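In: 3D model of this:
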Amino acid sequence: MMMNERKIRSKELIQILAFAGFFVFIYAWRWIHTATLPATWDQVDFVLAVDRFDLLAMQPHFPGYPYYILGGIIAHRWVSDPGAALVIFNFILMISTIVPIYGLARKYTTCARSLFVVTGVHAIAYLWTLSAQPMAETAALALLIWYWWCLARAIDSPSIFRQLMPLLLFSLIMGVRLSYLAFGVGIILLWGYDYYRGRLAGHSHKKLISRLFGWMVCAFVFQLIWLIGLIMSAGHVSGFIQMALAFTGGHFNDWGGTATISVIDLIQRLFILLFHNLMWTGLAMQSIPLFILLVFILCFIVYSSKKLSWARSDKFTRWFVVMGISYLLFAWLAQNIDKPRHIAPLILMVIGVICLLLIRDILAYSWKRYMTIGLILLLITSQAAMGIVIVKQQSEQVSAVHQLAIYLEQMQAESDEPIMVYTWEETRVLEYLQVQFDHKRIYTYPFFLDETRALKPRRIFITGQALDGFILQGAKVGSQTKLVDNFLSDSRFDPVYAEIRLYEWIH
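Out: Model prediction:
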């Protein structure tokens, strides 16, 4: 008996040590290969905000992401580089999710198998890429996981503390990533269930309505904490409202593209969202072997689904599905379809569910037992191996916008007269780099023509994104532009500006 107990303890100790070693390695590797320079408009906004928070100067852009910037400011006390400070904050929050992921998995399976689910989620290759960038997505995902865990605990107990925790976590999420608003449907479900549970317990309708009103007040107060801070930073309420309206107008017209959209466009957006952004990029990292493995695992899960028997606390599972569908609809109709990172919560949800479904299907003395163990180990190692490669590549690669800056600076150094470069969003990065040539963000073609006439005979260059905007405005520019160069980087890191075309304007 004692020998068997020692073997079990030794086995558990080996599992815990392997688990701890894996986490130390992956986060040490990510820290070593942190992206050194911000390469996108959003990244520049976040990095600048760590040194000086100013919504009017777009440091960062609306809605301000106050809790994320606050975390970066705190980390900046020990880490000199503001971008690295934001990455450190990402790491700390994501490492903390070991606890809630384990807690959620433990509702459905054993302790040892729960560790497989935790490892599988943290091994997601796309998460490696996001967490090594000074972007708010990773911090928001970490808080989202804590929020799910708090919801699951609130289902199990009507205590005031457990009912308040999801409200607090949701306010933190909103202060980090406002676009995760769709997950607030979980709060609505919780309030409905709390009322239903109270009626079953014999409480009066009046008492339960008063209790519900109290939860609403608490939720409102939690949200006010970060909203008041932003209003104060904007100077006054009217200025804050103007920024909010400008942001939402641009979001739904320019970024979401849903103001005047056809049924065909909606179908195309859904296809891109599900197959390109979620499956091909988010889950498979545009790797054919990894994509084939995921398809095989899904087929195996469907084949074995009859053997699954979910635990009694299945209510959270249904809520989890509802929240996922709600966010999918929001991403489909209102998010920028060109950026796969906007689908990041669904990537995390899908991998977590796949790992749980796999590990729960281990049957004693069956070929499926070995198949299941082999598949989940293969999934974890494949995702981790892809993450190792891609994070290293991300840290060593010179982004397309930085290539553009280097090329133009060299051109300016060799030129006797100053050159002028018109851009779209690239100008934000060029400002951050403090390049030694004139550049300007341009919006309309008539204004551009007026400027070029005034600048003649200076050499004028324009990026492909700005030129595409002119074409959408009805401009005929083919005879007045000459392609100078094409700058390329990996689209998995920055799909919008992975390719930058540079044209020279012919007067």
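In: Least confident secondary structure element in this structure?
Out: When each helix and strand of the chain is scored by mean pLDDT, DSSP states H and E, helix 237-250 comes last, with a mean of 68.
In: check contacts around the residue most central in space within the chain.
Out: Residue closest to the mean C-alpha point of the chain, counted by CA atoms, centre = their mean, is residue 137 at 3.2 Å. Residues in contact with residue 137 (CB atoms under 8 Å, 6 or more residues apart in numbering) are 130, 177, 341, 344. Quick note: C-beta positions are derived from backbone N, CA and C, even for glycine.
In: show me the contacts for the second one.
Out: This points to residue 177. 65, 68, 136-137, 139-140.
In: Got phi/psi on it?
Out: Phi and psi for residue 177, reported as degrees, to the nearest 10, are phi -150, psi 90.
In: Quick check: chain neighbours aside, which residue is closest to residue 277?
Out: residue 340 (4.0 Å; CB to CB, 6 or more residues apart in numbering).
In: tell me the pLDDT at that neighbour?
Out: We have a pLDDT of 89 for residue 340.
In: Repeat that for residue 471.
Out: 88.
In: Figure out the helix or strand that it lives in.
Out: Using DSSP states H and E, residue 471 sits within helix 464-472.
In: Need the residues that contact that helix.
Out: For helix 464-472, using CB under 8 Å, 6+ apart, the contacting residues are 422-426, 441-443, 445, 448, 477, 481, 497, 499-503.
In: Filter those down to the buried ones.
Out: 422-426, 442, 445, 448, 477, 481, 497, 500-503 (16 or more other CB atoms under 10 Å).
In: Which of these fall within helices?
Out: Among these, the members found in helices (DSSP state H) are 426, 445, 448.
In: Go through the buried ones among the contacts of helix 464-472 and name the one nearest residue 380.
Out: residue 497 (31.9 Å; CB to CB).
In: quick one, phi/psi of the closest one?
Out: phi -120, psi 40.
In: least confident pick among the contacts of residue 177?
Out: Out of these, that is residue 65, at 90.
In: Could you check how far the closest residue to it other than its chain neighbours is from residue 175?
Out: Closest residue in space to residue 65, ignoring its immediate chain neighbours: residue 136 at 5.0 Å, by CB to CB, 6+ apart. Distance of residue 136 to residue 175, computed by CB to CB, to the nearest Å: 10 Å.
In: contacting residues around the nearest residue to residue 437 once chain neighbours are set aside?
Out: Leaving aside its sequence neighbours, residue 437 sits nearest to residue 412 (CB to CB, 6+ apart; 4.1 Å). By CB under 8 Å, 6+ apart, the residues touching residue 412 are 418-419, 436-437.
In: Looking at these, point me to the pair that's furthest apart.
Out: Pairwise over the contacts of residue 412, using CB to CB, the maximum falls at 419 and 436, 10.3 Å.
In: more crowded one of the two?
Out: Between residue 419 and residue 436, counting by other CB atoms under 10 Å, residue 419 is the more crowded of the two (17 against 11).
In: ok, the more buried one - contacts?
Out: 408, 411-412, 437-438, 458-461.
In: Mind putting these into a markdown table with distance to residue 10?
Out: Below are the contacts of residue 419 laid out as a markdown table (distance: CB to CB, whole Å):
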| residue | distance to residue 10 |
| --- | --- |
| 408 | 62 |
| 411 | 66 |
| 412 | 66 |
| 437 | 65 |
| 438 | 68 |
| 458 | 75 |
| 459 | 72 |
| 460 | 72 |
| 461 | 67 |
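In: Out of these, who's the most crowded?
Out: That'd be residue 461 among the contacts of residue 419, by other CB under 10 Å, with 24 neighbours.
In: chain center to the host helix or strand of that residue: distance?
Out: Using DSSP H and E, residue 461 sits within strand 460-463. Remark: strand 460-463 is offset 32 Å from the chain centroid, using CA atoms, centre = their mean, to the nearest Å.
In: List of residues touching it?
Out: Here strand 460-463 has contacts from 404, 408, 419-424, 426, 442, 448, 452, 481, 484, 500-505, 507, using CB under 8 Å, 6+ apart.
In: how about 10 Å then?
Out: With CB atoms under 10 Å, 6 or more residues apart in numbering as the test, strand 460-463 has contacts from 401, 404, 407-408, 411, 419-427, 437-439, 441-442, 448, 451-452, 469-470, 477, 480-482, 484-485, 487, 497, 500-507.
In: Identify the neighbouring strands of that strand in the sheet and state each direction.
Out: strand 420-423 (parallel), strand 499-505 (antiparallel) (DSSP bridges).
In: mind putting those in CSV, distance to residue 113 included?
Out: Formatted as CSV, the strands paired with strand 460-463 follow (distance: least, CB to CB, whole Å):
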stretch, distance to residue 113
strand 420-423, 52
strand 499-505, 44
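In: So for residue 377, which of those strands sits nearest?
Out: Across the strands paired with strand 460-463, closest to residue 377 is strand 499-505 (CB to CB), at 37.1 Å.
In: the inter-axis angle of the closest one versus helix 464-472?
Out: Orientation of strand 499-505 against helix 464-472 (axes from the mean of the first three to the mean of the last three CA atoms, to 10 degrees) gives an angle of 70 degrees.
In: what's the helix or strand for the residue nearest to residue 437?
Out: helix 400-414.
In: Check residue 139 too.
Out: Residue 139 belongs to helix 137-156, assigned by DSSP H and E.
In: Could I get the buried residue list for that helix?
Out: Buried-residue list, helix 137-156, by 16+ other CB under 10 Å: 137-155.
In: Please apply the same query to stretch 83-94.
Out: Under 16+ other CB under 10 Å, the buried positions of stretch 83-94 are 83-91, 93-94.
In: Format the residues you listed as a markdown table; extra columns: pLDDT, distance to residue 388 and secondary structure.
Out: Shown next, in a markdown table, are the buried residues of stretch 83-94 (pLDDT from 0 to 100; distance: CB to CB, whole Å; DSSP: H, G, I helix; E, B strand; the rest coil):
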| residue | pLDDT | distance to residue 388 | secondary structure |
| --- | --- | --- | --- |
| 83 | 92 | 21 | helix |
| 84 | 92 | 20 | helix |
| 85 | 94 | 24 | helix |
| 86 | 95 | 22 | helix |
| 87 | 93 | 17 | helix |
| 88 | 93 | 20 | helix |
| 89 | 95 | 22 | helix |
| 90 | 95 | 18 | helix |
| 91 | 93 | 16 | helix |
| 93 | 96 | 21 | helix |
| 94 | 95 | 17 | helix |
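In: For those residues, could you give me a markdown table that also reports distance to residue 465?
Out: Listed next are those as a markdown table, based on distance: CB to CB, whole Å:
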| residue | distance to residue 465 |
| --- | --- |
| 83 | 24 |
| 84 | 29 |
| 85 | 30 |
| 86 | 26 |
| 87 | 27 |
| 88 | 32 |
| 89 | 31 |
| 90 | 28 |
| 91 | 32 |
| 93 | 33 |
| 94 | 32 |
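In: and residue 338, what are its phi and psi?
Out: phi -80, psi -10.
In: Excluding sequence neighbours, find me the nearest residue to it.
Out: Leaving out its chain neighbours, residue 338 is closest to residue 496 (CB to CB, 6+ apart), at 5.3 Å.
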